[in-house]
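Engineer: Give me a model of this one.
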Amino acid sequence: MLFVMYGAFVVWRQCHNFPGDKPFTQTQHSSPFPSFLKRCLSEIDVDTYGEAMLKAKSQVSHLTDANLIMMDSKVYEIGGLTSRVSVVETTDATSVLERATGLVTSMEQVTQEQKLGRLLFFVVDIVKQEAVLITADPQLADTVARAFDDATVQKDAATILVTLPGVLSRKKQILPTLEHVLG
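Structural biologist: Numbering: from 1, shown residues only. Sure thing, here's the model as predicted:
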């Protein structure tokens, strides 16, 4: 069943034209795969199924701020500091960004409890194809904004949001850049 669900998602993603569309999961070896799956799964409404899967994955209102931060999170050594880099992928970034103040408070608690040098939390909007760093650290926000092309910064009393257009991958885009500018 998991194969069918993943296959339906891949086909759905392949069939939609997102801004600047180049499916981020496609390689030269996998490009024939969506067509094959589409034939195999012809009785499934791939659009409806794919949208439902993304919507379900994006539903995070039931999670506490701390759970949201730790849901997809890894620890790295960056620039001599133990750094936790957390990511939530969503089709509804607004629902996560509205929680920014609570998330920053939880980030500070997790940083202290785990004795981290820093914690970076990114909201990846897979529809808009951008990542947003949520932080309260002006120096970190400035460093990250300068490291990525076309970054924009939005500040309020308690939080700073750094929007990074075109950034979707922690492994391929976020970490190499952070290691370069913070290392």
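Engineer: which residues sit in contact with the residue nearest to the spatial centre of the chain?
Structural biologist: Against the mean C-alpha coordinate of the chain, by Cα atoms, centre = their mean, the closest residue is residue 124 at 2.8 Å. Remark: with contacts taken as Cβ atoms under 8 Å, 6 or more residues apart in numbering, residue 124 is in contact with 87-90, 93, 130-131, 167-168. (C-beta placed from N, C-alpha, C; glycine too.)
Engineer: now for the strand or helix carrying residue 82, which elements pack on it?
Structural biologist: Using DSSP states H and E, residue 82 sits within strand 81-90. Contacts of strand 81-90 with other secondary structure elements, assessed using 3 or more Cβ pairs under 8 Å, 6 or more residues apart in numbering; DSSP states H and E, are made with helix 46-58, helix 65-71, strand 73-78, strand 118-125, helix 175-182.
Engineer: Give me the distance between the residue of the chain most remote from its centre and residue 52.
Structural biologist: For the chain, the residue at maximal distance from the C-alpha centroid (Cα atoms, centre = their mean) is residue 43, at 31.3 Å. Residue 43 sits 16 Å away from residue 52, going by Cβ to Cβ, to the nearest Å.
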